[in-house]
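# the following block contains a protein sequence and its predicted model.
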Amino acid sequence: MLSEAELIIPRWPAPANVRAIQTTRAGGVSVAPYDTLNLGMHVEDNPLNVARNRQLLNVYVPTEPVWLNQVHGVTVIDADATSCVPDADAAFSKSKGAVCAVMTADCLPLLFCNHEGTVVAATHAGWRGLCDGVIEATIDAMQVPPDSLMAWLGPAIGPQAFEVGEEVRREFMTHQSEAKDVFVPAGDGKWLGNMYRLAQLRLGRKGVTEIYGGGIDQDFCTYTDASRFFSFRRDGKTGRMASLIWLE
């Protein structure tokens with residue numbers, strides 16, 4: 001049985017009818033290297049184990065989450081009108097019971113809701129999607145004033161481990177000049193980037209100022225915290241965690 005102690009409950013002032021949970025790698029049935037709560041069907045884990053892991057979530061969510069085939073793009077889908085596994089990297093909902101979900105293992109998950117508790121969203125932001133505007137696309141799809149939104153940043157690779165090349169830094173700077181201050185030299189032409197800070201810049205430019213979670217008031221690093229989190233960059237073959245949000 002998956003216990004609440006093995007989950008992360010976002011710390012943010014969301015309305016009472018907004019519910020959200022973040023899974024860790026603990027509490028499931030998968031064996032190494034997917035130990036134990038792997039929720040990704042696409043990582044070559046035993047499908048029966050993944051199905052069982054997803055079933056373990058049932059006590060915490062009202063319906064089967066709307067799982068996405070994440071492609072590191074900027075497509076946002078309406079979770080209320082989806083019955084398959086769409087190619088998308090974000091989902092929003094304005095209906096009770098539809099569970100928006102994204103999976104990660106170093107990429108940045110973001111959860112959104114508005115003050116009125118009428119819309120929620122989940123976003124998967126790898127560096128490519130973050131650079132190309134998946135956060136902005138999610139905010140646009142929610143169709144509410146950005147200053148009515150709050151965002152929670154979930155577990156991602158931390159700034160001490162997110163090493164990238166000059167080309168990645170330049171792409172971010174092309175979209176937003178302030179990004180130059182988010183990268184520090186790592187030697188040999190490499191840079192260390194701060195995914196949390198990059199997301200904060202994009203949120204702020206869009207008008208979202210209420211930001212919580214990783215990089216703000218909670219310390220997460222999927223790469224260095226091997227006991228709690230899956231990390232693709234650290235382990236290669238590994239599992240996936242989920243960030244889930246819905247309206248009661």
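Good, I have the coordinates.
# you'd agree Met173 is in a helix?
Yes: using DSSP: H, G, I helix; E, B strand; the rest coil, the assignment for Met173 is a helix.
# tell me how many other residues crowd it.
By other Cβ atoms under 10 Å, 16 other residues sit near Met173. Glycine gets a C-beta too; all of them are placed from N, C-alpha and C.
# was I right about it contacting Asp181?
No: counting by Cβ atoms under 8 Å, Asp181 is not a contact partner of Met173; they are 9.8 Å apart.
# ok, Pro65 - contacts?
54, 57, 99-101, 242, 244 (Cβ atoms under 8 Å, 6 or more residues apart in numbering).
# helix/strand/coil for the residue positioned nearest the centre of the chain?
With distances taken as Cα atoms, centre = their mean, Pro109 lies nearest the centre of the chain, 1.2 Å away. Assigned by three-state DSSP, the conformation of Pro109 is strand.
# and the gap between Val29 and Glu64?
According to Cβ to Cβ, to the nearest Å, Val29 stands 18 Å off from Glu64.
# and the two? Which one has more around it.
A count of neighbours by other Cβ under 10 Å puts Val29 above the other of Val29 and Glu64, at 19 against 13.
# state the phi and psi torsions of the more buried one.
Phi and psi for Val29, reported as degrees, to the nearest 10, are phi -120, psi 0.
# show me where this structure has strands.
7-8, 18-23, 76-78, 90-93, 100-104, 108-114, 120-125, 149-153, 163-165, 183-187, 190-193, 210-213, 241-247 (DSSP state E).
# centre of the chain versus the fifth one, how much separation?
Spelled out, that is strand 100-104. The chain centroid and the centroid of strand 100-104 are separated by 6 Å under Cα atoms, centre = their mean, to the nearest Å.
# same thing with the fourth one?
Taking the mean of its C-alpha atoms, strand 90-93 sits 12 Å from the chain's own mean (Cα atoms, centre = their mean).
# packing partners of it?
When contacts are defined as 3 or more Cβ pairs under 8 Å, 6 or more residues apart in numbering; DSSP states H and E, strand 90-93 packs onto strand 76-78, strand 100-104, strand 120-125, helix 134-142.
# next, the buried residues of that strand.
90-93 (16 or more other Cβ atoms under 10 Å).
# for the contacts of Pro65, which one is nearest Ala122?
Cys100 (4.0 Å; Cβ to Cβ).
# what bridges to the closest one?
Val66, Ile245 (DSSP bridges).
# what's it in contact with, if anything?
65-66, 79, 91-93, 120-122, 244-246.
# for Glu116, what are its contacts?
15, 144, 148.
# 6 Å - rerun?
Applying Cβ atoms under 6 Å, 6 or more residues apart in numbering to Glu116 gives no contacts.
# measure the closest residue to His42 other than its chain neighbours to Lys237 for me?
Nearest in space to His42, with sequence neighbours left out and distances taken as Cβ to Cβ, 6 or more residues apart in numbering, is Asn69 at 7.6 Å. Distance of Asn69 to Lys237, computed by Cβ to Cβ: 19 Å.
# once you drop chain neighbours, what's closest to Arg128?
His72 is the one closest to Arg128 (Cβ to Cβ, 6+ apart), at 4.5 Å.
# ok, the one you found touching Cys131?
No: the pair His72 / Cys131 is not scored as a contact, 9.8 Å apart, by Cβ atoms under 6 Å.
# which one of the two has more residues nearby?
Cys131 (21 against 16).
# quick one: residues contacting the more buried one.
171-172.
# let's see that with 10 Å instead.
72, 74, 125, 168, 171-176, 179, 198, 202 (Cβ atoms under 10 Å, 6 or more residues apart in numbering).
# ok, back up a step: check the contacts of Pro65 and tell me the two furthest apart.
Maximum pairwise distance among these (Cβ to Cβ): 15.1 Å, between Arg54 and Cys100.
# the residue sitting furthest away from the middle of the chain: what's it in contact with?
Ranked by distance from the centre of the chain (Cα atoms, centre = their mean), the top residue is Asp188, with 30.1 Å. Asp188 is in contact with 163, 165, counting by Cβ under 10 Å, 6+ apart.
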